[in-house]
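Trainee: The following comprises the amino acid sequence and a computationally predicted model.
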Amino acid sequence: MKKYWWSFWGVIILSFAVLGWAGVRIYQQKPPIPEVVKASDGTIIVPEGDIKIGQEVWQAMGGMEIGSIWGHGSYVAPDWSADWLHRECVFILDVWAMADYQSSYDKLPNEQQAMLHARLTKLMRTNTYDPASNTLTLDPIRGKSFAANLSHYTAVFMQGDTRYSIPQGTVTDPTKMRQLAAFIFWASWAASTNRPGEDITYTSNWPHEDLIDNRPTSDAIIWTGFSIIMLLAGIGLLVWYNASRKREPVAEQLPTEDPLFAFQPTPSQKAVVKYFWVVSGLFLLQMIMGVISAHFGVEGNKFYGISIAQFLPYVITRTWHTQLGIFWIATAWLAAGLYIGPAVSGKEPKGQKLGVNVLFGALLVVVLGSMIGEWLSVKGKLSGATWFYFGHQGLEYVDLGRIWQIGLSIGLLLWLYLVGRCIVAAIKQGGQQKTLLSMFLIAAAAIAGFYFAGLMWGKNTHLSIVEYWRWWVVHLWVEGFFEVFATVVIAFLFARLQLIRLSTASSAVVFSTTIFLTGGIIGTLHHLYFAGTPTMVMALGAVFSALEVVPLTIIGFEAWDNIRLARSTPWMAKYKWPIYFFVSVSFWNMVGAGLFGFMINPPIALYYMQGLNTTPVHAHTALFGVYGMLGLGLMLFCLRVLYVRQEWKDGIIKFSFWTINIGLMLMVLLSLLPVGFLQTWASVKTGYWYARSSDFLYSPTVAIFKWLRAPGDTIFAVGGLVLVLFVFGLATGHSLKRKRSPTKDSTGK
């Protein structure tokens, strides 16, 4: 066992050393933010400090939930950095064409277009930033293009744009509007200006824009090739190793009766049940917000003809949809930890029930407080810096204000204390379970600790730095250490049922965790290819994100093992559907995280696909398909143990299981994936700006595929609603089978 632990800690230490080193390089080579932008004739284009203040305006109004910057954010509105860049290029070319040839650019002969194209490329890509004075000096024509773009964006954000799902009055102050425009201009400038002494832009030539020769770099092509080689090599090695191992998932002697049949819930375990009610309620609310958000992409600011955008705009529904997903999934997993804790230690620690109840109250405060604060921030009702502390940070998946972040962080520490003291007590007892419980404790500590990465930025922090730390939360916290926690919990549950050997489970957990984290930690960098980071980020991210996919290629073994365990003894029938949710986790891990994840991970693929509908394909099938399904499975397993002596109406769970999975698959195959492929074609052929434009997204063909999302969404929603009703029905008895009364004989006895 020692060799497994040495490998585990070796991977952890080396991987975080590399990730930390990459972070230092990002700090050092981030795109500069000029204090002032002026024209060469002395005209001030962007006044002192407006770019930084503009970032605050952007975040407070919803940031990444209303369009995107550098490809990160939502999908209905454009990517503002790409949109600004294209509009600026077209404006300048038309001005030059009219001045030189008395015609618009698109009507000129190819030779004249080529001359102006070369002139524009030199103008836009030449770096004229002076670090000594922290000033950016531009050609006067770029000052005119800034004014033209400001006029356009003023109409979009102040008057509203239905096709972008932006209601009137999103921005009401002209000064804030100019500051917002200054921030978008800066994001576009970083995407079109070469790094000093190099021939690539600060964003590695992203987005694709032929007008200034923004095309994939040689690094993007080379490291894509390396990532594929690493993937194939990793798969080969893992398959060879897996074939050489003797698989013994099942215990030598299976129990003839359910080992948990005599289970008596402790007071704290009974108190945990209300967490599952909250999970069900938040899951239902998330589905509703998802349906509304998806429909905004078809009708703009209306929901089946009803104008709701003034009080419930797209930016809010999408914010709540993404945030509630994190909340209910995390709550399900945390509740499972609280439920398992006393079962592990064999006794109820003093004050455990009180701690569970206090944590529950804190959870409600964070969820409700953050949702209200986000609405107030988007509606412009928070003054000064209160938007950052109580409102909307504008950062996808980390939208909640800083106060709510701190509250959640403290809650996670309380959770770690409540669970950890049970685990430590059990570890002290020794025995074969020590290794498995040690990994359980490590995973719990990581879950509590890594959310603190979300506190590493402030309201004025550079966007590239924010993105570095934000992905620590989204990738490492959500996709990384929750995965470790899940692996441990499932192994522990099967061990408690005496279906697998503790020795086998322990070694398998440490090994699989080591393999997963080998690619998972450094693989975080694949989200940062084009976020104003140096090219070494692309190299590391491409290679190690490919390694993330390697363990998923043999995940079918895990799924089959779970099915075998579900069928191993007659009494296991009662656990069939919770276990089938674990099986679906394996399926979606392979499809959502593996297939659809690697589809967009290589640099050359992400160059064209970032922020297109190929991204929500991966997001839905990986976040919900893996972590959501696992959260539902853990919830049902814990509830099944609580009601171990009673029979469930399993037909309801069966119906819910299949409709949720079929609905998710149809949502992807009928709508998200086809739209994503159409956008990719447009991005490659014409430019990224066009793939995200309303002209393309409201074209007849794309509109058909958008509407085709309705069947999958409907089937999924029905399954989700049935599951929620089933959970609440357990409390009322409606989800339990009634025990038959003994039949009477002819004498009435």
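Mentor: That came through fine. Numbering: from 1, shown residues only.

Trainee: Now for this structure, the helix or strand with the poorest mean pLDDT.
Mentor: helix 555-566 (a mean of 63; mean pLDDT, DSSP states H and E).

Trainee: Show me which residues of the helix or strand harbouring Gly420 are buried.
Mentor: Assigned by DSSP states H and E, Gly420 belongs to helix 402-428. Buried residues in helix 402-428, defined by neighbour count with 16 or more other CB atoms under 10 Å: 402-405, 407-409, 411-416, 418-423, 425-427. Heads up, the C-betas are built off the backbone N, CA and C, glycines and all.

Trainee: do stretch 156-163 as well
Mentor: Val156, Phe157, Met158, Gly160, Asp161, Arg163.

Trainee: Distance-wise, check the fifth one relative to Asn205.
Mentor: This points to Asp161. 29 Å (CB to CB, to the nearest Å).

Trainee: rewinding a little: and the following helix or strand past the helix holding Gly420, what does it pack onto?
Mentor: Using DSSP H and E, the next helix or strand after helix 402-428 towards the C-terminus is helix 433-450. Under the contact criterion of 3 or more CB pairs under 8 Å, 6 or more residues apart in numbering; DSSP states H and E, helix 433-450 touches helix 314-345, helix 402-428, helix 482-496, helix 502-520.

Trainee: how about 7 Å then?
Mentor: helix 402-428, helix 482-496, helix 502-520 (3 or more CB pairs under 7 Å, 6 or more residues apart in numbering; DSSP states H and E).

Trainee: got a list of contacts for stretch 82-101?
Mentor: Contact with stretch 82-101 is made by 103-105, 108, 112, 116, 120, 124, 141, 145, 148-149, 152, 184-185, 188, 191-192, 207, 209, 211-212, 687-689, 692, as judged by CB atoms under 7 Å, 6 or more residues apart in numbering.

Trainee: hmm, try it at 6 Å
Mentor: 103-105, 108, 116, 120, 141, 145, 148-149, 184, 188, 192, 207, 209, 211, 688-689 (CB atoms under 6 Å, 6 or more residues apart in numbering).

Trainee: Stretch 229-241 now?
Mentor: Val543, Ala546, Leu547, Val549, Val550, Thr553.

Trainee: and these as TSV, adding distance to Val315, neighbour count and pLDDT?
Mentor: Output for those, formatted as TSV (distance: CB to CB, whole Å; neighbours: other CB atoms under 10 Å; pLDDT from 0 to 100):
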residue	distance to Val315	neighbour count	pLDDT
Val543	36	20	91
Ala546	34	27	86
Leu547	36	23	83
Val549	33	22	77
Val550	38	23	74
Thr553	38	17	61
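
Trainee: Tell me which of those fall in helices.
Mentor: Among the contacts of stretch 229-241, the residues falling in helices (DSSP state H) are Val543, Ala546, Leu547, Val549.

Trainee: Now do the contacts for the second one.
Mentor: Translated: Ala546. Contacts of Ala546 by CB under 6 Å, 6+ apart are Ser227, Met230, Leu231.

Trainee: Three-state assignment for Arg645, please.
Mentor: Under DSSP: H, G, I helix; E, B strand; the rest coil, Arg645 falls in the coil class.

Trainee: Show the pLDDT at it.
Mentor: Note on Arg645: pLDDT of 81.

Trainee: gap between it and Phe263?
Mentor: For Arg645, the distance to Phe263 - CB to CB - is 9 Å.

Trainee: who's more crowded, those two?
Mentor: Neighbours per residue (other CB atoms under 10 Å) separate Arg645 from Phe263, with Phe263 holding more: 14 against 11.

Trainee: give me phi/psi at the nearest residue to that one once chain neighbours are set aside?
Mentor: The spatially closest residue to Phe263, leaving aside those adjacent along the chain, is Val644, at 5.4 Å (CB to CB, 6 or more residues apart in numbering). Main-chain dihedrals, Val644, degrees, to the nearest 10: phi -60, psi -30.

Trainee: from memory Val644 sits against Pro265, does it?
Mentor: No - the pair Val644 and Pro265 fails to qualify as a contact (CB atoms under 6 Å) at a distance of 9.5 Å.

Trainee: Do you know the pLDDT at Leu642?
Mentor: 85.

Trainee: cool, and Pro570?
Mentor: 76.

Trainee: how near is it to Glu257?
Mentor: 10 Å.

Trainee: Over to Ile12?
Mentor: From Ile12 over to Glu257 (counting by CB to CB), the distance is 41 Å.

Trainee: With Leu528 instead?
Mentor: 53 Å.

Trainee: which one of the two has more residues nearby?
Mentor: Using other CB under 10 Å as the criterion, Leu528 and Glu257 rank with Leu528 on top: 25 against 10.

Trainee: my guess is that one meets Thr535, correct?
Mentor: No - the pair Leu528 / Thr535 is not scored as a contact, 11.3 Å apart, by CB under 6 Å.

Trainee: circling back: any chance of the buried residues of stretch 156-163 in JSON lines, plus secondary structure?
Mentor: Formatted as JSON lines, those follow (three-state DSSP):
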{"residue": "Val156", "secondary structure": "helix"}
{"residue": "Phe157", "secondary structure": "helix"}
{"residue": "Met158", "secondary structure": "helix"}
{"residue": "Gly160", "secondary structure": "coil"}
{"residue": "Asp161", "secondary structure": "strand"}
{"residue": "Arg163", "secondary structure": "helix"}
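
Trainee: Could you work out the most separated pair of those?
Mentor: Met158 and Arg163 (16.0 Å; CB to CB).

Trainee: returning to what we had before: what's downstream of the least confident helix or strand of the chain, the next helix or strand?
Mentor: helix 576-588.

Trainee: If we go by neighbour counts, what in that next one is buried?
Mentor: 576-588.

Trainee: From the contact counts, what lies against that helix?
Mentor: helix 555-566, helix 629-642, helix 650-667 (3 or more CB pairs under 6 Å, 6 or more residues apart in numbering; DSSP states H and E).

Trainee: Mind listing the residues bridging to Lys302?
Mentor: Using DSSP bridges, the beta-bridge partners of Lys302 come out as Ser307.
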